[in-house]
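Asks: Let me see the structure of the following:
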Amino acid sequence: MPDTKAKTTDDKVIKSEEQWRRELTPMQYAVLREKATERPFTGEYEHDPRAGTYVCAGCGNVLFESDAKFDSGCGWPSFTAPAVESHIDEERDVSHGMIRTEVLCSKCSGHLGHVFPDGPGPTGLRYCINSAALKLEPK
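Replies: Next up, the predicted model:
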């Protein structure tokens, strides 16, 4: 019988592709595991005004607070800063003929979106995140 539990190594969640596919919706899998991007203006959280904490849809890691959310007009939920800096990893992304900074969940390595240096104060950053990578825990 195959092991169906996620393994945790140094606070990392490690699952087989079969486990990820079973636990995530097709869109969540495409975004988190295959680095896909939702079409702009289609994500469930883009215009959601509810207060709460946004966690990773793959592993539940706390990522963003609604206090840091703003309407950037880009078509995806945008945040000025992560809830906890160490819960976000960043990597250089040179796909699609662009140079960008990819944002990943530090716990499960799921693709969340990208961060850009064109956000409002105080950070000047815009974390442009796919709704499919998030789950809102309302306050």
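
Asks: only C-alpha atoms for contact and neighbour calcs from this point on.
Replies: Will do.

Asks: For G75, give me its contacts.
Replies: 40-42, 46 (Cα atoms under 8 Å, 6 or more residues apart in numbering).

Asks: let's see it at 7 Å
Replies: 40-41, 46 (Cα atoms under 7 Å, 6 or more residues apart in numbering).

Asks: With E44 instead?
Replies: Contacts of E44 by Cα under 7 Å, 6+ apart are S131.

Asks: and the contacts of G75, which are buried?
Replies: Buried by 16 or more other Cα atoms under 10 Å: E46, out of the contacts of G75.

Asks: Tell me the one of the contacts of G75 nearest V94?
Replies: Each of the contacts of G75 was scored against V94 by Cα to Cα, and P40 proved nearest at 20.2 Å.

Asks: May I have the secondary structure class of that closest one?
Replies: Per DSSP: H, G, I helix; E, B strand; the rest coil, the local secondary structure of P40 is coil.

Asks: For it, give its distance to G60.
Replies: 24 Å (Cα to Cα, to the nearest Å).

Asks: Isn't F70 up against S78?
Replies: Yes - using Cα atoms under 7 Å, F70 is in contact with S78, at 5.7 Å.

Asks: And the average pLDDT for the longest helix seen in the chain is what?
Replies: The longest helix of the chain (DSSP state H) is helix 26-34. On average, the pLDDT along helix 26-34 is 97.

Asks: and that helix, which residues are buried?
Replies: For helix 26-34, burial by neighbour count (16+ other Cα under 10 Å) applies to 27-33.

Asks: Out of F70 and S78, name the residue with the larger neighbour count.
Replies: Neighbour count, other Cα atoms under 10 Å: between F70 and S78, S78 has more, with 28 against 18.

Asks: With that, I have no additional questions.
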